[in-house]
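**Q** structure of the sequence below:
(4 chains)
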2 protein chains.
Amino acid sequence: MNCLAHRFDHPTADMLYHDIQKIYPKISLGTVYRNLNLLSDMGMIQRFSTGDGNEHYDANTQPHYHFVCRECGAVHDIHVEMRSRIISEVAPYVDGKIDSAATFFYGKCGSCLNSKEIENNQPVSE
Amino acid sequence: MNCLAHRFDHPTADMLYHDIQKIYPKISLGTVYRNLNLLSDMGMIQRFSTGDGNEHYDANTQPHYHFVCRECGAVHDIHVEMRSRIISEVAPYVDGKIDSAATFFYGKCGSCLNSKEIENNQPVSE
DNA sequence: GTCCCTGCAAATCCTTTGCACTCCT
DNA sequence: AGGAGTGCAAAGGATTTGCAGGGAC
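**A** Numbers count the residues shown, from 1 in each chain, chains lettered A, B, ... in the order given. As a prediction, this is how the structure comes out:
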């Protein structure tokens, strides 16, 4: 199961389900959810929601930034060193104990920008 | 409608619904959702999900940090200046165009920590 | 009358759960 | 036999949607 989560970007349970089906055709969605939750409870994968109504899963448990495309819903890692001190800097201002942080950047991804350009250019070039 | 969202912390649609009912007893949940989505589409309120399965709404549209208690689900603002340059710093590493950012800190809030202390102390003091 | 916004209820989507079954020891 | 993990289908929650009604112009 774990090896499946290892494979690519930041799939939803349903995306993973379809993907796993190619290898285990009889697997059920319930099992996928069950194992995904098991793994994230054990801390072996990260689980988060981007606002698109689905839970996403990430095999990379290192703290890192995410970029979410509002148009196509794609989620990409951002390859920048995350400020590791951010938690200790913010902690004094919080009534409670912080144990993790997540930051998301929202916008429009490269391919969505491109496809829009194409759309816009075609009527012009005709 | 807007004045309602202005009132307090980071309610879910359902919390707001119950709250609005006190003033407009006949309002329906569908209307609450409709208007909340309208307002957030117009950029007058912020909408985000914390991982508890609900959408939360925030009348404060200024970028700021959020603290989410994993135990009781409460969401609090963190009164620290958010690094405004973070988007421009990260932008070069993203294939696309960032237009907003959100960062969440997860942990256990003060009151949940306290109630746990009390629980733990009682058996000892008996 | 027309338009816009609403209440209501049904529909939808994602996720969780209960139960019976299989597989392995 | 006993336990763990699974498929399947039903249940559960949150959010969205379709439609008819009501008020303002």
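**Q** CA only for contacts and neighbour counts going forward, please
**A** OK.
**Q** burial of residue A:86, as a residue count?
**A** 11 (other C-alpha atoms under 10 Å in any protein chain shown).
**Q** how near is residue A:82 to DNA strand C?
**A** 26 Å (C-alpha to the nearest atom of the strand, to the nearest Å).
**Q** OK, contacts around that residue?
**A** A:63-65 (C-alpha atoms under 8 Å, 6 or more residues apart in numbering or on different chains).
**Q** most neighbours among those residues, which one is it?
**A** So for these (other C-alpha under 10 Å), the most neighbours sit at residue A:65, 21 neighbours.
**Q** grab the nearest non-local neighbour of that residue.
**A** residue A:78 (5.3 Å; C-alpha to C-alpha, 6 or more residues apart in numbering or on different chains).
**Q** let me have the contacts of residue A:82 in JSON lines, extended by distance to residue B:50 and pLDDT.
**A** Below are the contacts of residue A:82 laid out as JSON lines (distance: C-alpha to C-alpha, whole Å; pLDDT from 0 to 100):
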{"residue": "A:63", "distance to residue B:50": "17", "pLDDT": "85"}
{"residue": "A:64", "distance to residue B:50": "17", "pLDDT": "90"}
{"residue": "A:65", "distance to residue B:50": "16", "pLDDT": "93"}
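**Q** would you turn these into CSV with secondary structure?
**A** Shown next, in CSV, are those (DSSP: H, G, I helix; E, B strand; the rest coil):
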residue, secondary structure
A:63, coil
A:64, coil
A:65, strand
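**Q** over to the residue nearest to residue A:65: give its phi and psi.
**A** Torsion angles at residue A:78 (phi, psi; degrees, to the nearest 10) stand at phi -110, psi 120.
**Q** returning to that earlier point: any chance of the contacts of residue A:82 in TSV, plus distance to DNA strand C?
**A** Output for the contacts of residue A:82, formatted as TSV (distance: C-alpha to the nearest atom of the strand, whole Å):
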residue	distance to DNA strand C
A:63	21
A:64	21
A:65	20
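**Q** between those residues, which sits nearest residue A:115?
**A** Ranked by distance to residue A:115 (C-alpha to C-alpha), the contacts of residue A:82 are led by residue A:65 at 24.9 Å.
**Q** from residue A:105, how far out is that closest one?
**A** 8 Å (C-alpha to C-alpha, to the nearest Å).
**Q** re the thing from before, how about the residue nearest to residue A:65, what does it touch?
**A** For residue A:78, the contact set (C-alpha under 8 Å, 6+ apart) comprises A:64-67, B:90, B:93-94.
**Q** tell me which of those residues has the lowest pLDDT.
**A** Ranked by pLDDT, the contacts of residue A:78 bottom out at residue A:64 (90).
**Q** hey, where'd the helices end up in chain A?
**A** Secondary structure of chain A (DSSP state H): helices located at A:2-5, A:13-21, A:29-41, A:86-90, A:110-125.
**Q** end to end, how far does stretch A:24-34 reach?
**A** 16 Å.
**Q** let me redo that: stretch A:35-55
**A** 14 Å.
**Q** what are the buried residues along it?
**A** By 16 or more other C-alpha atoms under 10 Å in any protein chain shown, the buried positions in stretch A:35-55 come out as A:36-37, A:39-40, A:44-51, A:55.
**Q** I'd like to know how far residue A:51 sits from residue A:85.
**A** 26 Å.
**Q** what's the burial count for residue A:33?
**A** Close neighbours of residue A:33, defined as other C-alpha under 10 Å, add up to 16.
**Q** quick one: residues contacting it.
**A** Residue A:33 touches residue A:13, counting by C-alpha under 8 Å, 6+ apart.
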